[in-house]
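Q: what follows is a predicted structure for the sequence shown.
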Amino acid sequence: MNMNASTTGLAPSPAKAISIRDVNLFYGDLQVLKDINLEIQPGEFFAFLGPSGCGKTTLLRLIAGFNTARQGSVVVGGVDVLDMPPWKRDIGMVFQSYALWPHMTVARNVAFGLEERRLPRAEVERRVDAALNLVGLKHLAGRRPAQLSGGQQQRVALARTIAIEPKVLLLDEPLSNLDAKMRVEVRRELRELQQRLQLTTIFVTHDQEEANTVCDRIAVFNEGRIQQVGTPMGLYEKPANLFVANFLGTANILDGHVVGSGADRLFEVPGAGSIPIPAGTTVPRGAKLVFRPQYATIGTVASDAVALAGTITHREFLGATVRYGVQVGTASVLVDVPFHSGDALLETGARTSVGLQPSSAQWLAE
Amino acid sequence: MAFVTSFPPRRVTAKPGQIAAVALIGLFLAIFLIIPAGTVIYTAFTEKGTGALTFVNFLDFFATDLFRRSFFNSVYVAGMSVVWATLIALPLAVLTTRFDFRGSMVIQTLGFVPLIMPPFVGAVAMQLLFGRNGTVNLLLNDWFGVRIPFMEGLNGVIFVQSLHYFPFILINLSTSLRNIDRSMEEAAQNLGSSGFRLFRRIVFPLSMPGYLAGASLVFVKVFDDLATPLLLNVKDMLAPQAYLRVTSVGLTDPMGYVISVILIIVSIFAMWLSAVAMRGKDYSTVQRGGGGLMRRSLSRGESIVAYGVVGFILLLVLSPHIGLLLLSFATVWSYSPLPDDFTMVHYARVFDESSVYIKNTLIYASLAGLIDVVIGGAIAYLVLRTKVVGRRWLDWAATSALAIPGVVLGIGYLRTFYGVTLPDGTPLATLWVMVVLALAIRRLPYALRACYAALQQVSESLEEAAENLGATKQRTIRRIVLPLMTGGLLAGFVTSFSTAAVELSATLMLIQSNSDAPIAYGIYVFMQSPAGRGPGAALGVIAVIMVALCTLLSHYVIERRQKAIGSAK
């Protein structure tokens, strides 16, 4: 996408940074946002990721002005917006339900924000055209929202928001009301559009795949707190705690305890065996052993790997891989093995050993 | 009849029982709704004497000064009633849905006002309160030397009707407002809109369908009402003219039928207009997990104004009831702000002489309610759960009763059944059973909606589970469907009962002797003479209490049932 923003017909001002500092938010006595600190770079496509009720939407609505915080500041493009009413903020938000007004045509919906800004009629028309062109729906300008498909409605909601040339763009679960196939298509389009407009964008989702595929960086939320901020790969490779490891992808988590000290530390998993802890690894108090299913082997154990003895409890054929469930001591471990045509599969009930490189293991606490 | 029209041959999947049910209900609706209404329309288009088809009756109608005036008066009164009802309902609806307002419960309760007392009952009391020499004008004259012609001529009808029917707009508008999802408003704020502009551009248009539904209902109700103008001595309106022509000139006079046709056309037109206005506009946008519109707290000053407005409106709305109560205890009340003295003598007289009215009302209204629930429940089941041929026709036929004003149905019964006599020579039309049937037909559309709602709440899988476990269709209905529908059926019964108990327009046509008369007729007869006002008011108070008690009781029963079923889940 080498098009620059001016070819879109919408000319947003230079991308704005968002800086959230020391935000705490309460619903009555319940604290739903705890010590939120976040720096989002100009032009960044940023995701708030987490399970429902984790506070991600609450924070998004705080930025848009639909929630109020007792403490902290939200600075957008150098201006603290926390004391402004929503209609003064110039922060575009696409609602999860799209919130298209059923009594207005597509064009009237898109024109709404421009009319509220008392722009000259010619300019309103020009920008409505530009915004609808951008989402490829110019031919549907005269339709009512109820006559559009879910994907089209979503695009109208997007056009309506970017028509006002907002400082930043907030997307509240924008793909949740689409079917699986549309979701993949639309998320690619969203990414493309964001790149063209160079608009700082926050994307709220509970789906890690969505966040991974479209966003530059992700903040993982749980119980009102940001657990970790990083790139999709960074979060997957180096999760900061058990929650992040578990939420992003599949992780094996084994209970156990550290024995020995110095260079000879071992992590003993009761009933299964011990893994040497590589030198220089910090093991937090109460930490558990964490590794991804594809980093372990089954049956064959490399010379520099540790073997954990167990029994195969189940087997799932996933196409590219075969996933084995292995009972190791009191824990159940998943191992993914790449599948090649003609491979013989292991049978359930068989005794086997799981091979694990200590360097691909991590020790994480809650 | 239309529902036995031949259809292209198709595989018959209906059970004989279902076909029999369709046939019986079809026959009932044909005899007591479609043929009488059809007769009225047919008569309007035939020449008196020869029976030839003609338009001349309509030309006569519009050539007659009195009828033209009546027509415009009816349109004017109905239109102005909508305007005033809107002015009353709008602030109340906005206040209850958009603000945290303590008085909301009281305002919601007002929704029952049109149910428990028809407007004509309070009309005479309103004259004593707001008439030329009524309480308010006497006081105004004493203090400021002015009188306001609240009750002069058409004003009186408009005043009484709008006070009475505004809840229809209030309820529909409030529901519409409540069904607007919060995100609709937030999206507008996000795009830079706020305050009154936001209300004008987003909230108000989104609530329009509900408003129109309520407004058209008010228009039709007022346009068709017979008793209120009659009691206020306004005769140059359509419904009173139809009544007077038929009762004074006679059953053969075509003008009564012409007016009936015009009443039907206007009813249909108003309903069609609101249907067109609402087409494709299901603006109910509440999302799962979303909420209604944002509510705002009132500031201290705003609170005072709000309570002031609500208090004032409440006083106005309750004034017919207050007036009626005063009148029922009054010895003499004229040319004075309040009655001279109070007495129990009217109640004594009513209980002594007129308990037959109360007894008749209980019988008629219960029977009408029962017929409605049985037929409504059957139609609902046939439409929603079977594929039997003709079920849609039943639905349409039953619903079409909405377009037939009571006075028209009464005229239709007289015309259709007057010639039919019992062995002893009494015409069928004047039998008390006819009143019951007319009441049942008039209330059927409402009962039918209640039955639909009740049946829709019973998941089909519950029935399938019963059949899967070996219950036949009939036993499934008896053991699963009916018990689960009880609440809804009861609601249907109560709506039919309480409105039938105080309906007058069809009754006025059909009742021949006092011994057959229900309470509404009794009130009307008493209220005709100044001496009868006291007992009439006492009878009115009794009617209100009777209907209110039944409504309360059924609410209590329905709620308890709902809780029991809910907790058993």
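A: Good, I have the coordinates.
Q: tally of neighbours for the residue of the stretch 151-300 of chain A found nearest chain B?
A: Chain B sits closest to residue A:164 of the stretch 151-300 of chain A, with a gap of 5.9 Å, by CB to the nearest CB. Every residue, glycine included, has its C-beta placed from N, CA and C. Residue A:164 sits with 24 neighbouring residues when counted by other CB atoms under 10 Å in any protein chain shown.
Q: helix/strand/coil for it?
A: coil (DSSP: H, G, I helix; E, B strand; the rest coil).
Q: over to it: give its phi and psi.
A: Backbone torsions of residue A:164, given as degrees, to the nearest 10, read phi -80, psi 0.
Q: wait, it sits on residue A:90?
A: Yes: counting by CB atoms under 8 Å, residue A:164 touches residue A:90, with 7.1 Å between them.
Q: joint contacts of those two?
A: Residues touching both residue A:164 and residue A:90 by CB atoms under 8 Å, 6 or more residues apart in numbering or on different chains: residue B:192.
Q: which residue is the nearest non-sequential neighbour of the residue of the stretch 151-300 of chain A closest to chain B?
A: residue A:113 (4.0 Å; CB to CB, 6 or more residues apart in numbering or on different chains).
Q: count of residues packed around that neighbour?
A: Residue A:113 has 28 nearby residues by other CB under 10 Å.
Q: helices or strands up against the helix or strand containing it?
A: Using DSSP states H and E, residue A:113 sits within helix A:106-116. With contacts defined as 3 or more CB pairs under 8 Å, 6 or more residues apart in numbering or on different chains; DSSP states H and E, helix A:106-116 has these neighbours: helix A:121-134, helix A:150-162.
Q: with just CA atoms, put the longest one into CSV.
A: This means helix A:121-134. What follows is helix A:121-134, C-alpha atoms only, in CSV (Å, rounded to 0.1, in the frame of the first residue of the first chain):
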residue,chain,number,x,y,z
ARG,A,121,-22.7,21.8,2.2
ALA,A,122,-20.2,21.2,-0.6
GLU,A,123,-17.5,20.1,1.8
VAL,A,124,-20.0,17.8,3.5
GLU,A,125,-20.8,16.2,0.2
ARG,A,126,-17.3,15.9,-0.9
ARG,A,127,-16.3,14.2,2.4
VAL,A,128,-19.3,11.8,2.4
ASP,A,129,-18.3,10.8,-1.1
ALA,A,130,-14.7,10.3,-0.1
ALA,A,131,-15.5,8.3,2.9
LEU,A,132,-18.0,6.0,1.1
ASN,A,133,-15.5,5.6,-1.7
LEU,A,134,-12.9,4.6,0.7
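Q: that helix vs helix A:106-116, what angle?
A: Between helix A:121-134 and helix A:106-116, the angle comes out at 130 degrees (axes from the mean of the first three to the mean of the last three CA atoms, to 10 degrees).
Q: who touches helix A:121-134?
A: A:8-10, A:106-107, A:110-111, A:114-115, A:119, A:138, A:140-141, A:159-160, A:162-163, A:165, A:193, A:196.
Q: so what's residue B:149 closest to, chain neighbours aside?
A: The nearest residue in space to residue B:149 (CB to CB, 6+ apart) is residue B:155, at 5.8 Å.
Q: which of the contacts of helix A:121-134 are buried?
A: A:8, A:10, A:106-107, A:110-111, A:114-115, A:119, A:138, A:140-141, A:159-160, A:162-163, A:165, A:193, A:196 (16 or more other CB atoms under 10 Å in any protein chain shown).
Q: which residue does the stretch 351-500 of chain B bring closest to chain A?
A: For the stretch 351-500 of chain B, CB to the nearest CB, closest residue to chain A: residue B:456, 22.6 Å.
Q: surely residue B:295 meets residue B:95?
A: No: the criterion here is CB under 8 Å, and residue B:295 misses it with residue B:95 at 10.5 Å.
Q: more neighbours: those two, which one.
A: residue B:95 (20 against 14).
Q: quick check: the more buried one touching residue B:107?
A: Yes: between residue B:95 and residue B:107 there is a contact under CB under 8 Å: 7.2 Å.
Q: need the residues touching each of those two.
A: Going by CB under 8 Å, 6+ apart, residues that sit against residue B:95 and also against residue B:107 are residue B:310.
Q: and the strands in the stretch 1-150 of chain A, which stretches?
A: Ranges of strands in the stretch 1-150 of chain A, per DSSP state E, counting those that start in this stretch, are A:18-27, A:30-40, A:45-49, A:71-76, A:79-80, A:91-94.
Q: quick one, which of those strands is packed in tightest?
A: Each of these was scored by mean neighbour count; the highest is strand A:91-94, a mean of 27, by mean count of other CB atoms under 10 Å in any protein chain shown.
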